[in-house]
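>>> Provided below for reference: sequence and predicted model.
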Amino acid sequence: MCAAESLFSDQDKALMDSLVFDPALKPEYNPVSNCLSWDDEVPQDISYSGLNVVRRLWMARGYLHKGQTIEDHFLNPHILRHLWEQATDEIPDWPGFKRLVLNKAEKEYFQEWLGVENPFD
Amino acid sequence: MTGKADDHKEIQKPQESHPAPEAAQRSGVIDDQSKRAEWKATQQERMRAQEHSATDLLHDKAHPQPKKSKFELVDDASAKHDATVNHPPDWLELGRKLAGLPLQTQAQIIGNGLLAGIEQYSHEQREREWGALIGTVQGVGDTAINLAKIADFCAYCTIGDKERAGKMGADFGAALGQSIVSGVNVFEGAKEYANNIQKTGDIGKPIRDVIALGQILDREWEKLPPREQERQKFELIGQLVSDGLIGTHGAQAMGRATKFTEILGSISKAAAEHGGQKLEVVKKAASKISDLTKDLLSPELAVAGVGKIKASQLEKGAENIAKSIGRYSEYVPEKKPLFLNVSENRLLKENDLALHGGLKKLESLTAEELEKLGIKRFELPKLNLWWDTQTFSASIPEKFAALNAAVLEKGVIDIVRIRKGWLPEGAGSHFLAEALKAHKAIPTKELICSLITNPQTKEAFEKGLPAEESLLGKFMIKALKELGLKAESAQWVKREDSINIVIKIKR
């Protein structure tokens, strides 16, 4: 059986491992992927492919924040589930894993933006 | 040793210094036991006063003596403060002269001061260097000590020495307050120094630490509710203006400042230009700044002043911030004839313009005439720009508008995040266009938006509508139009786990 390919290059992995959870940060809403992110969840200078892994983790977590599960993903939940599980093995200390549940203020913030009809223009 | 012997010893010095009158005075009181203690206390007080005077005599202001330790310098500074209650001390004058120098020179002095530390930087070296740059050596010692205290505090925080950082908290606040009101803009100086020096080599840990602490102060300030920020800011402005430390011009600049370090910077500039001369006023302002700074730091520095700061966090934060230096910028968007329907908070569209006689007609109207129509001119606020080796960002923080994107190759841009925030309806496409222009990231080949789960756009995809008819597709095409670009095609690109929109640009 082949070992799964790592999600991150060695350089990106080192950058991801250098992230430090900051409980004081506030979330940022991304209407493109309909999810929240925090500034301490992605390192500077991460490669584009590394960034896209993190974006998928944000997208997956977005389902949890909305009270759904990753299985609710509209295209291919299995891929997203697999990526999530692999990430918990490879980057277990990722600050994003500490934010699976929103506090009251974060929930209100997310709900407010989810309700905006056109968040782009 | 007996009490009598002690008495004898204590009166030796005054007797020697002023033999005749002291002897006469003493002869008049020594027989009166009740007054003897009073006389003794008076003499001791005089002795102490004379010793201080002797110190002052030794401190030749034209040719200051080299200092050997930080403790001598600190004592010297406090003695001077006591002696000049209502006159500006040397450090204040020095700060003002420093503030009048070109920014790069200020940065050089502040940077060197922060790097030097109290003990490594010899008095002679400091005076020679600073004297050459500023034209005076008065107050150099005190100013250097303040910078060293600031650097030390930041370093103790960074290495996680809670005990020493905690003990230094008050000293740090006082040193920062004193530096700022004298015109020494520590945080701006450190940033400017870093910007200058990074081209040639490592900027040095003390500078990174100070910049990191400045960022923490800004972040803590940002956490305060806007009303509380305004209250604190205007309370400080009110005090500084009424005390005469800054003028109305300085007050206006302070009023406009949004970050805490910007507020400190504007105080520093205004105080140097306007300059209240009374030490009490300066001390009061320094103390207020010190209190504000300590308040901002206290939530994270809960245990003995520093308990909640995680050493590793601050250390890594400092590294990240150091990496960011030179990657921030600002951009003033191009002025365009945009008009806002005030009651609906939306930009006028082409059909709205036609209803009002066209764009040219509206452009010819005064603000008052437009107001009668419920319209006003709209300008996109200044953009904050940031970039790293892979991505770039733009934001209008006060409007909560943000863009993150990546350049995949020249002319091919992938939008990672775009949000208009509280900008008026219709202004988001202008924001995207200006942000791309600001970063010189013009999508001359393709504009992509990837990993889309936006519900309205997803719905269009699921219904089989063309990409250009989806919410995001329409928005991207409108932004391209603002850039003078035309879409050749707009396509859905479905991947294993995501949908993307790719717009090819007509050449």
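Great, that's in hand. As the structure is a prediction and not an experimental result, all values here were calculated from the model. Numbers count the residues shown, from 1 in each chain, chains lettered A, B, ... in the order given.
>>> in which helix or strand would I find residue B:417?
Per DSSP states H and E, residue B:417 falls inside strand B:412-419.
>>> Check which helices and strands that strand is in contact with.
For strand B:412-419, the packing partners by 3 or more Cβ pairs under 8 Å, 6 or more residues apart in numbering or on different chains; DSSP states H and E come out as strand A:28-30, helix A:48-65, strand B:401-409, helix B:428-438, strand B:446-452. Bear in mind the C-beta positions are built from the backbone N, C-alpha and C, glycine included.
>>> Give me the contact list for the following helix or strand past the shortest one.
It refers to strand A:28-30. Sequence order places strand A:35-37 as the next helix or strand after strand A:28-30, per DSSP H and E. Contact with strand A:35-37 is made by A:27-30, A:58-59, A:61-62, A:65, A:96, A:99, A:102, A:106, A:110, B:453, as judged by Cβ atoms under 8 Å, 6 or more residues apart in numbering or on different chains.
>>> Now do the buried residues in stretch B:349-364.
For stretch B:349-364, the neighbour count (16 or more other Cβ atoms under 10 Å in any protein chain shown) marks B:352-353, B:362 as buried.
>>> Quickly find the element holding residue B:216.
Going by DSSP H and E, residue B:216 is in helix B:205-223.
>>> Enumerate the residues of chain A near chain B.
Proximity of chain A to chain B, by Cβ under 8 Å from any Cβ of the partner chain, involves residues A:18, A:20, A:22, A:24, A:28-35, A:43-48, A:51-52, A:55-56, A:59, A:62, A:73-76, A:79-80, A:83, A:117-121.
>>> Using PyMOL, define a selection of the buried residues within those.
To isolate the buried ones among those in PyMOL, judged by 16+ other Cβ under 10 Å, type:
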select buried, chain A and resi 22+28+29+30+31+32+33+34+35+43+44+46+47+51+52+55+56+59+62+73+79+80+83+118+119+120+121
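>>> if I pick the residue in chain A positioned nearest to chain B, what's in contact with it?
For chain A, the residue closest to chain B is residue A:121, as judged by Cβ to the nearest Cβ, at 3.7 Å. If a contact means Cβ under 8 Å, 6+ apart, then residue A:121 has B:420, B:425-429, B:474-475, B:478 as its contacts.
>>> residues touching the nearest residue to it once chain neighbours are set aside, list them.
Distance criterion Cβ to Cβ, 6 or more residues apart in numbering or on different chains; nearest residue to residue A:121, sequence neighbours excluded, is residue B:428 at 3.7 Å. Neighbouring residues of residue B:428 by Cβ under 8 Å, 6+ apart: A:118, A:120-121, B:401, B:418-420, B:475.
>>> gap between residue B:428 and residue B:476?
Separation of residue B:428 from residue B:476 (Cβ to Cβ, to the nearest Å) stands at 11 Å.
>>> do the same with residue B:352
Separation of residue B:352 from residue B:476 (Cβ to Cβ) stands at 23 Å.
>>> can you check residue B:425 too?
17 Å.
>>> for residue B:92, same thing?
Residue B:92 is 57 Å from residue B:476, where distance means Cβ to Cβ.
>>> now swap in residue B:335 and tell me
24 Å.
>>> These two: which is more packed in?
residue B:476 (28 against 9; other Cβ atoms under 10 Å in any protein chain shown).
>>> Helix or strand: which one has the more buried one?
Using DSSP H and E, residue B:476 falls in helix B:471-482.
>>> ditto for residue B:376
strand B:375-378.
>>> what mean pLDDT does stretch B:428-447 have?
Mean pLDDT, stretch B:428-447: 95.
>>> how long is it end to end?
16 Å (Cα to Cα, to the nearest Å).
>>> Could you do stretch B:460-471 as well?
Length of stretch B:460-471, first residue to last, Cα to Cα: 8 Å.
>>> Would you mark the buried spots in it?
For stretch B:460-471, a neighbour-count test (16+ other Cβ under 10 Å) marks B:460-461, B:467-468, B:470-471 as buried.
>>> That stretch near chain A anywhere?
Yes - under the criterion of Cβ under 8 Å from any Cβ, chain A is reached by stretch B:460-471 at B:462, B:471.
>>> and the most centrally placed residue in chain A, what does it touch?
Nearest to the mean C-alpha position of chain A, counting by Cα atoms, centre = their mean, stands residue A:58 at 2.0 Å. Taking Cβ under 8 Å, 6+ apart as the criterion, residue A:58 is in contact with A:30, A:33, A:35-37, A:41, A:96.
>>> low-scoring pLDDT stretches of chain A, where are they?
Scanning chain A with the threshold set as pLDDT under 70 gives A:1-3.
>>> Test of understanding: give the bridge partners of residue B:386.
Under DSSP bridges, the beta-bridge partners of residue B:386 are residue B:328, residue B:393.
>>> How much space separates it from residue B:397?
From residue B:386 across to residue B:397, the span is 11 Å (Cβ to Cβ).
>>> swap in residue B:145?
36 Å.
>>> which of these two has more neighbours?
Legend: neighbour count by other Cβ under 10 Å for residue B:145 and residue B:397, higher for residue B:145 (22 against 15).
>>> and the angle for the helix or strand containing the more buried one with helix B:205-223?
Using DSSP H and E, residue B:145 falls within helix B:140-159. Relative orientation of helix B:140-159 and helix B:205-223, computed by axes from the mean of the first three to the mean of the last three Cα atoms, to 10 degrees: 70 degrees.
>>> Helix B:140-159 vs chain A: in contact?
No - on the criterion Cβ under 8 Å from any Cβ, helix B:140-159 is out of touch with chain A, staying 13.2 Å away.
>>> what's the model's confidence in whichever helix or strand comes after that helix, averaged?
Later in the chain than helix B:140-159, the nearest helix or strand by DSSP H and E is helix B:162-182. Here helix B:162-182 scores 76 as its mean pLDDT.
>>> Show me what helix B:162-182 is packed up against.
Using 3+ Cβ pairs under 8 Å, 6+ apart, the elements in contact with helix B:162-182 are helix B:90-99, helix B:140-159, helix B:186-197, helix B:260-274, helix B:279-297.
>>> Export those as JSON lines, with columns for mean pLDDT.
Below are the helices and strands packed on helix B:162-182 laid out as JSON lines (pLDDT from 0 to 100):
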{"stretch": "helix B:90-99", "mean pLDDT": "71"}
{"stretch": "helix B:140-159", "mean pLDDT": "72"}
{"stretch": "helix B:186-197", "mean pLDDT": "78"}
{"stretch": "helix B:260-274", "mean pLDDT": "83"}
{"stretch": "helix B:279-297", "mean pLDDT": "77"}
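>>> among the ones you listed, which is the most enclosed?
The highest mean neighbour count among the helices and strands packed on helix B:162-182, using mean count of other Cβ atoms under 10 Å in any protein chain shown, belongs to helix B:140-159: a mean of 25.
>>> Just the CA coordinates for that helix, please, in CSV.
Output in CSV follows, covering the C-alpha atoms of helix B:140-159 (Å, rounded to 0.1, in the frame of the first residue of the first chain):
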residue,chain,number,x,y,z
VAL,B,140,22.1,62.3,25.3
GLY,B,141,22.5,60.1,28.3
ASP,B,142,18.9,60.3,29.5
THR,B,143,17.5,59.8,26.0
ALA,B,144,19.8,56.8,25.4
ILE,B,145,18.7,55.3,28.7
ASN,B,146,15.0,55.6,27.8
LEU,B,147,15.7,53.9,24.5
ALA,B,148,17.6,51.2,26.2
LYS,B,149,14.9,50.6,28.7
ILE,B,150,12.3,50.3,25.9
ALA,B,151,14.5,47.8,24.1
ASP,B,152,15.2,45.9,27.3
PHE,B,153,11.6,45.6,28.2
CYS,B,154,10.7,44.3,24.6
ALA,B,155,13.6,41.9,24.8
TYR,B,156,12.5,40.5,28.2
CYS,B,157,9.0,40.0,26.8
THR,B,158,10.3,38.3,23.7
ILE,B,159,12.6,35.9,25.5
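>>> Run the angle between it and helix B:90-99 for me.
Using the same axes, to 10 degrees: helix B:140-159 against helix B:90-99 is 80 degrees.
>>> I'd like to know which elements helix B:140-159 is packed against.
So helix B:140-159, by 3+ Cβ pairs under 8 Å, 6+ apart, packs with helix B:70-83, helix B:90-99, helix B:103-120, helix B:123-134, helix B:162-182, helix B:205-223, helix B:311-324.
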